[in-house]
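K.L.:
One predicted model, sequence on top.
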Amino acid sequence: MIISENKERFLNVYNTYIKRAGSDKLLEWMDNRTDFFTAPASTRFHGACSEGLIIHSLNVYDLLKKRNDEDKAYSDETVAVVSLLHDLCKANFYKETTRNVKNDVTGQWEKVPYYSIDDRYPYGHGEKSVYLIERFMRLSPEEAIAVRWHMGGFDDSVKGGGYNVGNAFNMFPLAVKLHICDLEATYLLENK
């Protein structure tokens, strides 16, 4: 079987730095029971293509690693865990379908590939990623909070108000750093 460059790099980073109990079972599940390595990162925005999810995860990893190399606040394992797995909730989340789009040149309607959401486990975004990871391996409290709140103010639960995301950011700097790196990857590196 041919492994893509993106998947090969993801596996190299994962296997080099993530050594905790259950990490091998998590990776096996991701590879054999999900579409994680071929899934898009979104339906039509950043990474709306095959392998968009691993490309995004690697971009977040590179940004967080660079930020962490400056202050060495977190272990290489923690950086790899939160960045590579923050969007695990998107595995088995999108469905490839088609939609009709009018061709500007010919004026004819054509079927084009399109991703739609097919959420069979509506548990929330960050909390779903934490749940899926912890089915196989433990996260530290700061890792769990960082993954849970990596969407920051864009998380659906924040839209109703409350102080949880602000409290999480005040208590756990890793959550802020992951959120910033996720934003930078999404809006500056991938949204072209």
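P.N.:
Good, I have the coordinates. All figures in this text were calculated on a predicted structure; none of them were measured in a lab. Numbers count the residues shown, from 1 in each chain.
K.L.:
Spit out the contact partners of the residue nearest the centre of the chain.
P.N.:
By Cα atoms, centre = their mean, the chain has its centre lying nearest to D87, at 2.4 Å. Neighbour list for D87: A41, L53, H56, S57, S129, H150 [criterion: Cβ atoms under 8 Å, 6 or more residues apart in numbering]. C-beta: built from backbone N, CA, C; applies to glycine.
K.L.:
list the buried ones in the host helix or strand of the third one?
P.N.:
Using DSSP states H and E, H56 falls within helix 52-71. With burial defined by 16 or more other Cβ atoms under 10 Å, the residues of helix 52-71 counted as buried are 52-61, 63-65, 67-68.
K.L.:
just these now: which is nearest G124?
P.N.:
Nearest to G124 among those: L53, at 17.7 Å, using Cβ to Cβ.
K.L.:
What sits closest to that closest one if chain neighbours are left out?
P.N.:
Leaving aside its sequence neighbours, L53 sits nearest to A39 (Cβ to Cβ, 6 or more residues apart in numbering; 4.4 Å).
K.L.:
In three-state terms, label the one you found for me.
P.N.:
Of the three states, A39 takes coil according to DSSP: H, G, I helix; E, B strand; the rest coil.
K.L.:
For burial, what's the neighbour tally of it?
P.N.:
23 (other Cβ atoms under 10 Å).
K.L.:
Just the pLDDT for it.
P.N.:
Listed pLDDT for A39 reads 96.
K.L.:
Report the distance from stretch 180-192 to the chain centre.
P.N.:
Centroid separation for stretch 180-192 versus its chain: 12 Å, with Cα atoms, centre = their mean, to the nearest Å.
K.L.:
what's the helix holding H56 packed up against?
P.N.:
Packing partners of helix 52-71 (3 or more Cβ pairs under 8 Å, 6 or more residues apart in numbering; DSSP states H and E): helix 5-17, helix 76-85, helix 173-184.
K.L.:
Packing partners of the second one?
P.N.:
With contacts taken as 3+ Cβ pairs under 8 Å, 6+ apart, helix 76-85 sits against helix 5-17, helix 52-71, helix 126-134, helix 141-148, helix 173-184.
K.L.:
Check the first one too.
P.N.:
Here helix 5-17 touches helix 23-33, helix 52-71, helix 76-85, going by 3+ Cβ pairs under 8 Å, 6+ apart.
K.L.:
Give the rounded mean pLDDT of it.
P.N.:
The model assigns helix 5-17 a mean pLDDT of 98.
K.L.:
from here on, count from 48
P.N.:
All right, first residue 48 from here; so that's helix 52-64.
K.L.:
Please point out which parts of that helix sit buried.
P.N.:
N53, K54, F57, V60, Y61, Y64.
K.L.:
Just put those in a markdown table and tack on distance to E181.
P.N.:
Output for these, formatted as a markdown table (distance: Cβ to Cβ, whole Å):
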| residue | distance to E181 |
| --- | --- |
| N53 | 25 |
| K54 | 24 |
| F57 | 20 |
| V60 | 20 |
| Y61 | 17 |
| Y64 | 18 |
